[in-house]
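> I would like the atomic coordinates for the input below:
(one chain, ligands or ions: 3)
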Amino acid sequence: MNIIKSFLILGLLASSFTAFSAKVDPTRLFIQTDNIERLPKYKLIKSVKYLFDNHYIVNTDNAHRLATLLKNNPDVIDIKKNYHSEKSQLPTIEPFVVGVSQTSFKNTTRFFNDPKVDRIWSFESAALNGISVNRSYNFPLSRPKEDIIVAVVDTGVDYNHEDLTEAMWHNPNEIPQNGIDDDQNGYVDDYYGINTLIKDNLGKATGDPMASHSHGTHVAGTIAASQNNYTGVAGIAQRAKIMAIRAVPNNSDETDADVVESFLYAAKHGARLINCSFGKNHNEGGSIVEQTIEHIGKKYGVLVLAAAGNDYGRNIDKSKTYPASFTTDYLLVVASTSSSGALSWFSNVGKKSVDLAAPGSSIYSTVKNNRYANMSGTSMATPTTTGVAAELLSHYPEMGPLELKRILLTTVTKDKRFQRKMVSPGRVNLYHALQYTLENLHNN
Ligand SMILES: [Ca+2]
Ligand SMILES: [Ca+2]
Ligand SMILES: [Ca+2]
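Ligands and ions are numbered 1, 2, ... in the order given. Okay, the predicted model is just below:
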C-alpha cells in the first residue's frame, strides 16, 4: 500500500502485481550505538543526527560502503539502510455525486453555515452511517477548551487554501521567510512545519511544506477545515491546528528516515496526534518507525493514527503493511466504511492490526488552490478518526494517548459485519465518544 496506493482505486491493479524491489537511499544510514563519540572519523560520514535513545541517522555519500565499514565496529549495535517505499500512481479526484445523505441532512437542525458542508455524508448520525458530527454540535456536550496540534505527515498542505489558513499551526518561535532559523531547532523558516523531501546542503529538511499534491490538503480539511466561516466545508474538529509535514513524494515512495524525522519533529513541537495516511508493504528498514512511535507515545503523549491500506480487503495481520501492522499500543489503525454503512470494498482488515473503522469512501474535503473534491480510501478514513480524536482531546486535553485510543474503541457504533475484521468492530462516533467521556471519566 502506500499513501497513495491506499486510496487509489483504479490504476493500481496493474502495479500491485508487478515484482517489487526496494530502492536504497545511498545518502543515509540508521545507526544504533551507545558510544557515538567513539566512532572513528570516517570521511564517509558527512554529518550525524541524533534521533532518540541510542538511535542516530548518518548522512553520507555512500551508504553501502559506510555500512560495510561499520559492520565490524564493536561499538555499533545495529545498522539499517534507509529504504524507499514502492512507487505508485497518484490518486484522482472523484466527481461529486449527490447522494442520499443530502436529502436527509436537510431535516436536521443546521449548525454549520459552510455552504458545501452538506456534501460530507459522514457528519450524519450513526443511523445514517455517519459519525454524528451534526448531533455533537447541535447539542454541544461541552465547549472545547484547547487548541490541539495535529501533524499531517503527507504530501504537504496548501496552507493558503481559503478554508485552511485559519486552521494552520504556526511555529510560535519562527519568523517565516527570513532565511533564518529563528528558534534554532535545526530548520530554517519552519513556520507551518517542515519539508523532509527538500533538503538544504547539510542534508536537513527545509521549512516549506506547501502541497505538491492534493492528498495532504484533503486530509487536513477533513480534520480541521474552518467551521462556520461561510466558506467551503467544515472539518470535524473545531480547534485542531494543522502542522504540515511534507514527507511523501507524489510517487509516494517515502523513506523510513523521513517518516522518523517527521514524527520526531511533530512530537517535539507539540503535536498530540499524527495522521499517517500512508504505508508500504515491505519493511526492510526494520522497526525504527515503530520504535519512534513508541518513543513519542511514551515521552510526548502522541497517538499516531494510520491507514489500514486499500489492498481490496487484505488481512494485514497476515499479509503485513507498515506502519499499520506494527503492534505498538501508540498506534491506532483505521479501516474505511462507505455511506451504505458497510466496509469500503477496497479496505484492508485485520482482527489484531486494525482497530476500528471510519467513513472513507467519497469524502468531500479541501484540495489545492481553493478547490474541494471527493476522494476515497483508508487515507480518508484515517483523518475522519483523527478529527474525532482531536475534538475529544480539545475537550479533555489532559487525556493520555492510550486512554484516548481506548475511548475511541469503546464508543464505536457496533456493526456485526465487521466482526473478526478489527479489534473493535464498528464505526467511530464523535457524539458517543464525547458523551461517554463526560459521563464516565471526567468532571466537566
Ligand atoms: Ca526553526
Ligand atoms: Ca525564520
Ligand atoms: Ca469552512
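
> Pull the contacting residues for whichever residue of the stretch 251-400 of the chain sits closest to ligand 1.
Per Cβ to the ion, the residue of the stretch 251-400 of the chain with the smallest distance to ligand 1 is His269, at 9.6 Å. The C-beta positions use only the backbone N, C-alpha and C, and glycine is treated the same way. For His269, the contact set (Cβ atoms under 8 Å, 6 or more residues apart in numbering) comprises 149, 171, 185, 243.

> Need the residues that contact the helix or strand harbouring the last one.
Per DSSP states H and E: Met243 is located in strand 240-246. Defining contact as Cβ under 8 Å, 6+ apart, one finds that strand 240-246 is touched by 147-157, 159, 164, 167-169, 192-198, 209-212, 216, 220, 223-224, 262, 265-266, 269, 271, 387, 390-391, 394.

> Restricted to helices, list those.
Among those, the residues falling in helices (DSSP state H) are 216, 220, 223-224, 262, 265-266, 387, 390-391, 394.

> Tell me the one of those residues nearest ligand 3?
Ala224 (10.0 Å).

> Hmm, Leu164 and the closest one touching each other?
Yes - taking contacts as Cβ atoms under 8 Å, Ala224 lies within contact range of Leu164: 7.4 Å.

> Please identify which of those two sits among more neighbours.
Ala224 (33 against 25; other Cβ atoms under 10 Å).

> who's in contact with the residue lying closest to Phe418 once chain neighbours are set aside?
Using Cβ to Cβ, 6 or more residues apart in numbering and skipping the chain neighbours, the partner closest in space to Phe418 is Pro425 (3.6 Å). Taking Cβ under 8 Å, 6+ apart, we find Pro425 in contact with 356-357, 412, 414-419.

> per-residue confidence for the closest residue to Arg246 other than its chain neighbours?
Computed as Cβ to Cβ, 6+ apart, the closest residue to Arg246 that is not its neighbour in sequence is Gly156, at 3.6 Å. Per-residue confidence (pLDDT) for Gly156: 97.

> tell me, how many neighbours does Gly156 end up with?
28.

> Any figure for the gap between it and ligand 1?
The gap separating Gly156 from ligand 1 is 18 Å, by Cβ to the ion, to the nearest Å.

> correct me, but that residue touches Tyr192?
No - with contact defined as Cβ under 8 Å, Gly156 does not count as touching Tyr192 (9.2 Å).

> where does the stretch 251-400 of the chain have low pLDDT?
Applying pLDDT under 70 to the stretch 251-400 of the chain flags residues 285.

> give me that answer again for 80
Along the stretch 251-400 of the chain, segments meeting pLDDT under 80 span 282-286.

> Which single residue in it comes nearest to ligand 3?
Per Cβ to the ion, Thr366 is where the stretch 251-400 of the chain lies closest to ligand 3, at 8.8 Å.

> For the closest residue to that residue other than its chain neighbours, list the residues it contacts.
In space, and not counting its chain neighbours, Thr366 is closest to Gly221: 3.1 Å by Cβ to Cβ, 6+ apart. Neighbour list for Gly221: 161, 163-164, 232-233, 235, 365-367, 372 [criterion: Cβ under 8 Å, 6+ apart].

> try Arg28
For Arg28, the contacting residues are 57-60, 63, 82, 203, 255, 257, by Cβ under 8 Å, 6+ apart.

> and if you look at Ile236?
123, 131, 133, 222-224, 384, 387-388, 390-391, 430.

> That one and Arg371, how far apart?
20 Å (Cβ to Cβ, to the nearest Å).

> and if you look at Gly156?
16 Å.

> do the same with Ser214
Ser214 is 8 Å from Arg371, by Cβ to Cβ.

> In terms of neighbours, single out the busier of those two.
Ser214 (26 against 14).

> Which residues are in contact with that one?
93, 155, 158, 367-368, 373, 375.

> Out of the residues you listed, give me the one that has the most neighbours.
Thr155 (30 neighbours).

> contacting residues for it?
With Cβ under 8 Å, 6+ apart, Thr155 has these contacts: 3-4, 211-216, 246, 248-250.

> ok, now which ones touch the nearest residue to Ser122 once chain neighbours are set aside?
The spatially closest residue to Ser122, leaving aside those adjacent along the chain, is Pro359, at 3.6 Å (Cβ to Cβ, 6+ apart). Counting by Cβ under 8 Å, 6+ apart, Pro359 makes contact with 121-122, 129-131, 336-339, 380-381, 384, 427.

> how much space between Pro359 and Thr366?
For Pro359, the distance to Thr366 - Cβ to Cβ - is 16 Å.

> Find the nearest non-adjacent residue to Glu124, please.
Gly130 (3.2 Å).

> try Ile77
Gln32 (4.3 Å).

> Correct me if wrong: that neighbour contacts Leu70.
No - Gln32 lies out of contact with Leu70 (Cβ under 8 Å); the separation is 10.7 Å.

> Residues in contact with both of the two, list them for me.
In contact with both Gln32 and Leu70: 76, 79, using Cβ under 8 Å, 6+ apart.

> Now compare the contacts of Gly221 and name the two farthest from each other.
Gly235 and Val367 (14.0 Å; Cβ to Cβ).

> Tell me where the stretch 251-400 of the chain has helices.
Here the stretch 251-400 of the chain has its helices, by DSSP state H, counting those that start in this stretch, at 256-268, 288-300, 378-395.

> what comes into contact with the second one?
Counting by Cβ under 8 Å, 6+ apart, the neighbours of helix 288-300 from elsewhere in the structure are 30, 51-53, 55, 80, 256, 259-260, 263-264, 266-268, 274, 302-304, 322-323, 326-331, 401-402.

> Drop anything exposed from the residues you listed.
30, 51-52, 55, 80, 256, 259-260, 263-264, 266-267, 274, 302-304, 322-323, 326, 328, 330-331, 401 (16 or more other Cβ atoms under 10 Å).

> If we check ligand 2, which of the residues you listed are in contact?
By Cβ under 5 Å from the ion, no member of the buried ones among the contacts of helix 288-300 lies near ligand 2.

> secondary structure class for Lys49?
Under DSSP: H, G, I helix; E, B strand; the rest coil, Lys49 falls in the strand class.

> For the longest strand seen in the chain, the averaged confidence score.
For the chain, the strand with the greatest residue count under DSSP state E is strand 24-33. Here strand 24-33 scores 92 as its mean pLDDT.
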